[in-house]
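Chemist: how does the following fold in three dimensions:
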Amino acid sequence: MTDVTEKMRKNAETYRERIDEIRRDWTRSEDAKRQDLEAAYSEAKSAHLGLEDRFRAEVRDRLRDARKKAFAAPRMGKDAALDLLSYRDALDRAGRFREPRELSDLLARAEITGDHALARAVLYRGYELQNEGLVRSYFEKYPDELPTWDGFVGAAEEHNRLETLGISGAAGVPEPERPRELGRQFAASSAAASPGGEAA
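Modeler: Residues are numbered from 1 along each chain as shown. Predicted coordinates:
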């Protein structure tokens, strides 16, 4: 659970408690209670929407950061610019292949020659082609990088959950429900405003 989802849960809990408190208050008229319910609902919904935006942003940021780590240029020497140049060249070379067998051969060659940039480029190409076998082969050769990959996969799954289930499903916190008293009031005021609802 993230800090944002905890705040969403707390907002929902506070809202439910406030709604119950308003409903139990026997000293207030029904109109006054409806006004209080509307205010509580508006406040809780506004807070929830703001937290939804933060939740989405955090999920996107986690995915972006995890992807960068998983596919970053491997450190091979003391010059980061040279490492990056070597990695870009390897990405171009691996990008020319589509066949898993050719990419597997390229990965084997990269491991034998100690060309980590080429091996990482094959990982990236395997990911692009959605080839689990190539990805698995890479981590059999470079198992110490598996935690970084697992972090990327976890962030991608979290993002996919958000896209598939929506915010309520992904965060596990539904948005605040409009109190039933306001629904009846809204329906009654709509009927009064319609031409057939006017009093004679």
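
Chemist: next secondary structure element downstream of whatever helix or strand Arg136 lives in?
Modeler: According to DSSP states H and E, Arg136 maps onto helix 132-141. Going down the chain from helix 132-141, the next helix or strand is helix 146-171, by DSSP H and E.

Chemist: quick check, distance from the longest helix seen in the chain to the centre of its chain.
Modeler: Using DSSP state H, we find that the single longest helix of the chain is helix 30-71. Mean C-alpha position of helix 30-71 versus that of the full chain (C-alpha atoms, centre = their mean, to the nearest Å) differs by 13 Å.

Chemist: CA atoms only: put the helix holding Arg136 into PDB for me.
Modeler: Extracted C-alpha coordinates of helix 132-141, given in PDB (Å, rounded to 0.1, in the frame of the first residue of the first chain):
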ATOM      1  CA  GLU A 132       9.900 -14.800 -23.200                       C
ATOM      2  CA  GLY A 133      12.500 -17.300 -24.200                       C
ATOM      3  CA  LEU A 134      15.100 -14.600 -25.100                       C
ATOM      4  CA  VAL A 135      14.300 -12.700 -21.900                       C
ATOM      5  CA  ARG A 136      14.700 -15.800 -19.800                       C
ATOM      6  CA  SER A 137      18.000 -16.700 -21.600                       C
ATOM      7  CA  TYR A 138      19.400 -13.300 -20.800                       C
ATOM      8  CA  PHE A 139      18.700 -13.700 -17.100                       C
ATOM      9  CA  GLU A 140      20.100 -17.200 -17.000                       C
ATOM     10  CA  LYS A 141      23.300 -15.500 -18.100                       C
END
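
Chemist: counting by contacts, list what the longest helix of the chain packs against.
Modeler: Contact analysis of helix 30-71 by 3 or more C-beta pairs under 8 Å, 6 or more residues apart in numbering; DSSP states H and E lists helix 3-24, helix 116-128, helix 146-171, helix 180-193 as its packing neighbours. Heads up, the C-betas are built off the backbone N, CA and C, glycines and all.

Chemist: which stretch among these comes nearest Ala110?
Modeler: Nearest of the helices and strands packed on helix 30-71 to Ala110, taken as C-beta to C-beta: helix 116-128 at 3.8 Å.

Chemist: next SSE downstream of the longest helix of the chain?
Modeler: helix 80-95.

Chemist: before we move on, the earlier item: most neighbours per residue, which of the helices and strands packed on helix 30-71?
Modeler: Mean neighbours per residue, mean count of other C-beta atoms under 10 Å, is largest over those for helix 116-128, with a mean of 23.

Chemist: with just CA atoms, put it into CSV.
Modeler: Extracted as CSV, the C-alpha positions of helix 116-128 are listed here (Å, rounded to 0.1, in the frame of the first residue of the first chain):
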residue,chain,number,x,y,z
HIS,A,116,27.4,-6.8,-22.1
ALA,A,117,26.1,-3.9,-24.2
LEU,A,118,25.1,-6.4,-27.0
ALA,A,119,23.6,-8.8,-24.5
ARG,A,120,21.5,-6.0,-23.0
ALA,A,121,20.4,-5.0,-26.5
VAL,A,122,19.2,-8.5,-27.1
LEU,A,123,17.2,-8.3,-23.9
TYR,A,124,15.6,-5.1,-25.2
ARG,A,125,14.9,-6.7,-28.6
GLY,A,126,13.5,-9.8,-26.9
TYR,A,127,11.2,-7.5,-24.9
GLU,A,128,10.1,-5.6,-28.0
